[in-house]
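K.L.:
structure, please.
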Amino acid sequence: EVKVVESGGGLVEPGGSLRLSCAASGRIFSVYTMSWVRQAPGKGLEWVSAINSGGGSTSYADSVKGRFTISRDNAKNTVYLQMNSLQREDAAVYYCNALLTSNMGVQNYWGQGTQVTVSS
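P.N.:
Model prediction:
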C-alpha cells in the first residue's frame, strides 16, 4: 500500500518560517511530479508549488514566489516546502500530491494534510 504523509505544520508568527515535509512510502517504483496545494478556511484549493522528478524544474504560485522553496530527496521519496516570511494569508491546510508508479500502476496520491497557522 502506498502512503503519502505530510509533516512539519504548526503555529508560527507572521514573518516566521516553517519547513513542511511529505514522504511517499510503499511499493514505489518511480515518483514523478510532486506538488503542494493548500486550502484556507472557507476557501477552495490553491495550487502552491510543484517540482519535477529530477528536481531541476520548479514552479510557484505568484502568491508565494520568492518566499517558498520546494525541493526533493529522491532517495527518500520526499518533497519539502521551505516557507519563509510567512503571512497570515498563508494559513491553511497544506496537502502534498505525488504522481508515482507502484505495483498498482501510475496514480496520483494525496496526503492527509498538515495545518499551518500564522498568528501572533
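K.L.:
please enumerate the strands of this structure.
P.N.:
Counting by DSSP state E, the chain has strands at residues 3-7, 10-12, 18-25, 28-39, 45-51, 58-60, 68-73, 78-83, 92-102, 105-110, 114-118.
K.L.:
neighbouring contacts of the fifth one?
P.N.:
What that stands for is strand 45-51. With C-beta atoms under 8 Å, 6 or more residues apart in numbering as the test, strand 45-51 has contacts from 33-40, 57-61, 63-64, 68, 70-72, 79, 81, 92, 94-95. In short, each C-beta sits where N, CA and C put it, glycine included.
K.L.:
please report how far S119 lies from E1.
P.N.:
Separation of S119 from E1 (C-beta to C-beta, to the nearest Å): 36 Å.
K.L.:
before we move on, what about S30?
P.N.:
Applying C-beta to C-beta to S30 and E1 gives a distance of 17 Å.
K.L.:
these two: which is more packed in?
P.N.:
Neighbours were counted for S30 and for E1 using other C-beta atoms under 10 Å; S30 has more, 12 against 8.
K.L.:
residues in a beta bridge with the nearest residue to the more buried one once chain neighbours are set aside, which ones?
P.N.:
Take S30 and drop its neighbours on the chain: the residue closest to it by C-beta to C-beta, 6 or more residues apart in numbering is T101, 4.6 Å away. With DSSP bridges as the criterion, T101 is bridged to S30, V106.
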